[in-house]
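> below are the sequence and a predicted model for it; my questions follow.
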Amino acid sequence: MSLTQRGPPCSATTSRPDTSPTSSRGAASVLPRRGRGPGRLRAQMWPSSCSALAARRRGAGLSTVVLAATAAPESFDVVPQNGNGAKKLSRPPLPLLTGEQIVQRMRTSVPEDAHSKYLAYFSSELGGITQEPAFMQVPIDDHMVHRGHAAFDTCILADGFLYQLDAHIERLMISAEKAGIKPFWTPSVIANIVHDTAAASGVKNGFLRFWMSAGKGGFGLGSSECIRPAFYCIATKPPVQRLYGPEDEEMGIPTWRAKTTPVGIKSPCMATIKTNNYLPNALSADDAEADLHATHGIFVDEEGFVSEGGTFNVGFITKDNELVVPEFDNCLAGVTIQRIMELVPQSDSLSDLTVCQRKITAVEAKGCKEMFAASSTSLAIPITTWDRTTFFGGEMGYYTQRIRRMLYEDMRPNPPHALHTEVNYGIVTHMQ
């Protein structure tokens, strides 16, 4: 896009530039500036010309101070110079902020609900934990930001205990090694960081999300310029459970509707590493949310075998009472789905189920009795339709309901077992 075509995302004028033969400046011309004749563009910037947008953003928690701080200059002119086609940008400059102004504006830019959602944050760059959302930041030259060169994982905090923390850290270390990241933290040090971040949050239930990055040091492609790896961890409150219809509201449990995503599946190498390269996953989610008949996308490979969802594994109950989980050769080895496969043979209520991990085609999967999604953040969620094929009459299946209950009971420390790590809240906050 040429400079003449660039304008603010909420420009007051949305007409196209005048490139007709009668234009006084030809293809390089732009919209007439009001009262100034052709060849100039006046783009009124917010908050004046976008007061409606500003009001909406204020409603979302952004203050008037922040809008003023981030507003661009009122106008810009694009003027061909000396007849040689070169352009000159003429407008007031953006503000050059002092350190004090930056800190002030960072604090005022925090959405109103941030303090209730983002509870504590550790950064190896800061060397400690903060409870101020304004400072929960990642350096722009961190390769996690501009190259996606990082691995991450998520652990649930249930009744003051971290659930399956060791398994999540083990997967993080495996993903980091495959991604060429060589951390100088041992798994026990990472466990301490996650624990202390959970303690600083002061809550008994939530999520601990953590990332291991190649680190900061420049904007090159390779990580040789990175000064050192980086580690970040944030404690968040559980999001409000999203319900998709009256049936969900009646049960109090979401039911998902799946579709085969048109987004290309990742290569086996990339699909088996939990990295920050989630663009295909995000696009599959956007595609599903735009479909009136779907809520989530499912990846299917070129041979027709089921892979996974955007952020979850899938399981199927066949007509022969077999729990089938797709192999991990073209999808992520989910910690939660693996725990399900361990627990089912031990459950009396699921004694008639046999567990099998194998390849399964989408055609065979759609002929199953039940389908469910499994992840650390959602446990086990029923999927009632896939490409409009209905499972169990469109309701939560008999076995899915029992798997969900079994997993929930395993997650809750009543009593604690080997997969629970108790959080000592007093170590950071001195709370009892």
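The structure has been received and is ready for your questions.
> what packs against the strand or helix carrying A288?
Element membership of A288, judged by DSSP states H and E, is helix 279-289. Helices and strands touching helix 279-289, by 3 or more Cβ pairs under 8 Å, 6 or more residues apart in numbering; DSSP states H and E, are strand 256-260, strand 296-300. Any C-beta I mention is one placed from the backbone N, CA and C, and that applies to glycine too.
> pick the most buried one from those.
strand 296-300 (a mean of 24; mean count of other Cβ atoms under 10 Å).
> same for the host helix or strand of E342, what does it pack against?
Here E342, judged by DSSP H and E, is contained in helix 335-343. If you count contacts as 3+ Cβ pairs under 8 Å, 6+ apart, helix 335-343 packs onto helix 165-178, strand 313-317, strand 322-325, strand 370-375, strand 379-386, helix 398-411.
> what's the closest of the ones you listed to V240?
Minimum separation from V240 across these (Cβ to Cβ) falls at strand 379-386, 15.1 Å.
> run through who's touching whichever helix or strand comes after the closest one.
Using DSSP H and E, the helix or strand that directly follows strand 379-386 along the chain is strand 389-390. Residues outside strand 389-390 that contact it (Cβ atoms under 8 Å, 6 or more residues apart in numbering) are K366, T384.
> distance of G217 from R147?
11 Å (Cβ to Cβ, to the nearest Å).
> likewise for A380?
Distance from A380 to R147, by Cβ to Cβ: 34 Å.
> and the next helix or strand past the helix holding E342?
Downstream of helix 335-343 (by DSSP H and E), the next one is strand 354-357.
> could you pull out the strands for the stretch 101-250 of the chain?
Using DSSP state E, counting those that start in this stretch, the strands found in the stretch 101-250 of the chain span residues 118-123, 128-130, 150-158, 161-163, 206-213, 230-236.
> ok, which of those comes nearest C269?
Judging those by Cβ to Cβ, what sits closest to C269 is strand 150-158, at 13.8 Å.
> now do stretch 381-388: distance to the chain's middle.
Using Cα atoms, centre = their mean, to the nearest Å, the mean C-alpha position of stretch 381-388 is found 22 Å from that of the whole chain.
> contact partners of that stretch?
For stretch 381-388, the surrounding residues in contact (Cβ under 8 Å, 6+ apart) are 253-260, 293, 296, 298, 312, 314, 362, 365-366, 370-374, 390-392, 394-397, 400-401, 404.
> so which of the helices and strands packed on helix 279-289 is nearest F231?
Per Cβ to Cβ, nearest to F231 of these: strand 296-300, 29.2 Å.
> just want the angle from that closest one to strand 313-317.
80 degrees (axes from the mean of the first three to the mean of the last three Cα atoms, to 10 degrees).
> burial check on Q357, number of neighbours?
Burial measure for Q357: 15 neighbouring residues, criterion other Cβ atoms under 10 Å.
> what's near enough to touch the nearest residue to it once chain neighbours are set aside?
Nearest residue to Q357 in three dimensions, chain neighbours excluded: V325, at 4.7 Å (Cβ to Cβ, 6 or more residues apart in numbering). By Cβ under 8 Å, 6+ apart, the contact list for V325 reads N313, V314, G315, F316, I337, I340, M341, V355, C356, Q357.
> of those, keep whichever come out buried.
The neighbour-count test (16 or more other Cβ atoms under 10 Å) marks N313, V314, G315, F316, I337, I340, M341, V355 as buried among the contacts of V325.
> what's the closest of the helices and strands packed on helix 335-343 to Q346?
helix 398-411 (8.9 Å).
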